[in-house]
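Engineer: Sequence and predicted structure below; questions after.
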Amino acid sequence: MPAICILPDQVANQIAAGEVVERPASVAKELLENALDAGARSVRIEADGGGAQRLRVVDDGHGMEREDALLALQRHATSKLRTAEDLVAIATLGFRGEALPSIAAVSRFTLETATAAGAGTRIQVAGGKVQSVEPAGLPPGTAITVERLFYNVPARRKFLKTEATELAHIATLASHYALAHPELRLELRTPRRDIFTLAPAASHRQRLQQLFGAEVVASLLEIAAAVPLPPPAAGEEAPQLAIYGFVSPPEVHKLNRQSVFTFVNRRLVHDRVIQHALGEAYRNLLPNGVYPMVLLFLDLPFEEVDVNVHPAKTEVRFRRQAWVHDAVRDAVRQTLGRARSIPSLPRQVVARPSAAALADLGGLEQGRIESAVPESGAGLGAPAPAAAPLAAAGAEADNPIARRWSELAPSFGLTPTLPPPRPLSLPLSAAPEAAPAPMPHGAACASRAAGGDDWLTAEPLATEGEDISRLEALGQIRASFIIAASPRGLWLVDQHAAHERVLFEQLLASMQAAAAGETPPAQRLLLPVILQLPPGQWLRFDDMAPELRAAGFAIEPFGQGTVAVQAVPAGLAADRVEGFWTELLESEEAEWRRASLERRQGRIAATLACHAAIKVNMPLDAEKMRWLLRRLAATRFPMTCPHGRPVLVHYSLREIQRAFKR
């Protein structure tokens, strides 16, 4: 008897099911994609027992005739491909013809379908074997019911999680496709409650608002770009890559990547090229270990992307991935640069209760975004309490926050500017240069009683980016944080982080100019700094030398394991050279070798800026503070330091008025 044999169809189908069907959400994904490919405008998903006991997907798509319905249950039977050439430009979500027979092989499966013109058909399958085929009176469309998933494969069933967890995966999947197809009406329900019902939306913004709430959407930045890709051959027309969607500013971030949604031709994908491009776009804007919130769509010609690289079709391969990577990186970076958004005092942004229903299902975090300003040692992205007015002195005994404030208040040490600050006022009207006439107390009360609160809430219309250039320094807190005012409110500025940002962009510009042949600004040292390096770091010197020379260093070998630093970039003190070298050379060698020239330059510039910048506990006079604020306003990304920490915190007039119960 030969050792090699052809497997029976039932076994082959179960093996195929292992690749396609991982859990109930995998079944929902395949059926939802089939519904969208069939032109459905409305889809209803019903799940019982987390989808493992019963999962039903009903759509109003084209439906099938009896013969097509029977063929759809055969392996590799599809209406979406005809020849091998069709694989080059796949325009549908599904195309292999494996989903239905694979699902039917590991469940009790019922297919009900009808076209607008023909009679309906009902087919029942158990474990891959057709049990019955009968006509039925059905509305146009298709309804597929999957019951007792993995009933004949106990080894697979025991790997399923709890009902709540499996339902959460289905809810997450459904919300993903709802984001990609705002024109779709989508329902998700269980026997006990409706999870959500999403009406067709006019735009992606409206769909986002349905799922996450208006406050979350208002915190995001809209992105739209059309990038011509290089023509594949001489004489051919250059294809267009359309990039659109929403990205969060640096101060709105999460602790994981679960809020990063990327779609290629409206197909949800987890692509390393796009993920890396997003990481590069936020480089030097976000701290390590936190991630932005992203809803990004890429539309490009079908022949420019290969979707036939993963059994679940969640990965793609771009024909020219370097161009796609750079286009995504630059589009997101430019959007962040134009916005120049500044964090306000830490607050929690909460979505509407309709989205919170998803959060109850196994810990989904789609109903909340943390907008916190991290400190050293603090958990990033943790919900921060909203700003509240200080408690009255009489309530301190019952209010630990107020009691703690009274203990800390004397130690803040507000340092006045030198010379003494001139009197300043915060205008409360849209025209700050025209001071309003004093209002009698009685008239003010009458105005409020009549509902005339415009004089309290009006704010200048300047954007936050424009407002930074109008900051007026008032003083310092503990010689570490600058207090400043503008027509829009009060600002706290981390002087070290602000100077880091200024120096970082200066150094980066000079390094890029040096690469073009210009001489970088440098200062010769009276006595060279001799550095003794471990063997591994000494051997890496040649690898780093070009970027270091472009930064303004003059470094020469000085014997075995020793280098002599003859010149340093302008602004770097000689006593900071050793600390800079230690930090730079302790980076992973493999990471440095893989890094692009731009990333290497950024690493050197960020490390240099950190060591050369103004330090905390350093008193500044009025002129130095004004100089620093002016230079910060001229930078491209004034909101964060090169390591992603926030530079400024804004306390708006509206928040000040609210704190004083105005």
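Structural biologist: Yep, that arrived.
Engineer: same for whichever strand or helix holds Ala47, what does it pack against?
Structural biologist: When elements are assigned from DSSP states H and E, Ala47 belongs to strand 42-48. Applying 3 or more CB pairs under 8 Å, 6 or more residues apart in numbering; DSSP states H and E, we find strand 42-48 packed against helix 24-37, strand 54-59, helix 163-180, strand 185-189. For the C-beta atoms, the positions are set from N, CA and C on the backbone; glycine is no exception.
Engineer: And the helices in the stretch 151-300 of the chain?
Structural biologist: 154-157, 163-180, 204-212, 214-218, 272-281 (DSSP state H, counting those that start in this stretch).
Engineer: want to throw those helices into TSV with distance to Phe263 and mean neighbour count?
Structural biologist: Formatted as TSV, the helices of the stretch 151-300 of the chain follow (distance: least, CB to CB, whole Å; neighbours: other CB atoms under 10 Å):
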stretch	distance to Phe263	mean neighbour count
helix 154-157	29	12
helix 163-180	5	21
helix 204-212	10	21
helix 214-218	17	17
helix 272-281	10	18
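Engineer: how about CSV for those, with mean pLDDT and distance to Val58 added?
Structural biologist: Rendered in CSV, the data for the helices of the stretch 151-300 of the chain read as follows (pLDDT from 0 to 100; distance: least, CB to CB, whole Å):
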stretch, mean pLDDT, distance to Val58
helix 154-157, 84, 25
helix 163-180, 91, 13
helix 204-212, 91, 21
helix 214-218, 85, 30
helix 272-281, 92, 33
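Engineer: Could you export those helices as CSV, including distance to Phe580?
Structural biologist: Output for the helices of the stretch 151-300 of the chain, formatted as CSV (distance: least, CB to CB, whole Å):
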stretch, distance to Phe580
helix 154-157, 56
helix 163-180, 45
helix 204-212, 43
helix 214-218, 41
helix 272-281, 24
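Engineer: Any chance of a markdown table for the helices and strands packed on strand 42-48, columns distance to Gln566?
Structural biologist: A markdown table is the format used below for those (distance: least, CB to CB, whole Å):
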| stretch | distance to Gln566 |
| --- | --- |
| helix 24-37 | 62 |
| strand 54-59 | 71 |
| helix 163-180 | 57 |
| strand 185-189 | 67 |
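Engineer: Out of these, which is closest to Ile530?
Structural biologist: When these are compared by CB to CB, helix 163-180 sits nearest Ile530, at 57.9 Å.
Engineer: So which residues make contact with that closest one?
Structural biologist: 23-25, 28-29, 32, 36, 45, 47, 49-52, 55, 160, 184, 186, 188, 190, 195-196, 198, 204, 207-208, 210-211, 261, 263, 266-268, 295, 297, 358, 361-364, 366 (CB atoms under 8 Å, 6 or more residues apart in numbering).
Engineer: quick one: Glu187 and Phe196 touch, right?
Structural biologist: Yes - under the criterion of CB atoms under 8 Å, Glu187 makes contact with Phe196 at 7.3 Å.
Engineer: which secondary structure elements does the strand ranked longest in the chain contact?
Structural biologist: Taking DSSP state E as the assignment, the strand of the chain that covers the most residues is strand 522-532. Packing partners of strand 522-532 (3+ CB pairs under 8 Å, 6+ apart): strand 562-569, helix 577-585.
Engineer: tell me the most buried of these?
Structural biologist: strand 562-569 (a mean of 20; mean count of other CB atoms under 10 Å).
Engineer: Mind listing the strands that one pairs with, and their directions?
Structural biologist: According to DSSP bridges, strand 562-569 forms sheet pairs with strand 522-532 (antiparallel), strand 554-557 (antiparallel).
Engineer: any idea of the angle the strand holding Ala47 forms with strand 185-189?
Structural biologist: On the basis of axes from the mean of the first three to the mean of the last three CA atoms, to 10 degrees, strand 42-48 is oriented at 10 degrees to strand 185-189.
Engineer: what about strand 42-48, average pLDDT?
Structural biologist: Averaging pLDDT along strand 42-48 gives 96.
Engineer: Also stretch 521-533?
Structural biologist: 85.
Engineer: Does anything pack onto the longest helix along the chain? Which helices or strands?
Structural biologist: Using DSSP state H, we find that the single longest helix of the chain is helix 495-515. In terms of contacts (3+ CB pairs under 8 Å, 6+ apart), helix 495-515 is packed against strand 481-486, helix 541-551, helix 597-612, helix 622-633.
Engineer: among those, which gets the worst mean confidence?
Structural biologist: Comparing these by mean pLDDT, the weakest confidence falls on helix 541-551, with a mean of 80.
Engineer: For that one, which helices and strands make contact with it?
Structural biologist: Checking 3+ CB pairs under 8 Å, 6+ apart, helix 541-551 ends up next to helix 495-515, strand 554-557, helix 589-594, helix 597-612.
Engineer: Of these, which is nearest Val227?
Structural biologist: Closest approach to Val227 among these is made by helix 597-612 (18.3 Å; CB to CB).
Engineer: ok, and what's touching that closest one?
Structural biologist: 280, 283-284, 499-501, 503-504, 507-508, 511-512, 515, 544, 547-548, 550-551, 569, 571-573, 576, 579-580, 583-584, 587, 592, 595, 642-643.
Engineer: filter the residues you listed to the buried ones?
Structural biologist: For those, a burial check counting by 16 or more other CB atoms under 10 Å picks out 280, 283-284, 499-501, 503-504, 507-508, 511-512, 544, 547-548, 550-551, 569, 571-572, 576, 580, 584, 592, 595, 642-643.
Engineer: hang on, isn't Leu93 packed against Asp37?
Structural biologist: Yes - under the criterion of CB under 8 Å, Leu93 makes contact with Asp37 at 5.5 Å.
Engineer: who's more crowded, these two?
Structural biologist: Leu93 (22 against 18; other CB atoms under 10 Å).
Engineer: so which of the strands paired with strand 562-569 is the most packed in?
Structural biologist: Using mean count of other CB under 10 Å, strand 554-557 ranks as the most buried of the strands paired with strand 562-569, with a mean of 15.
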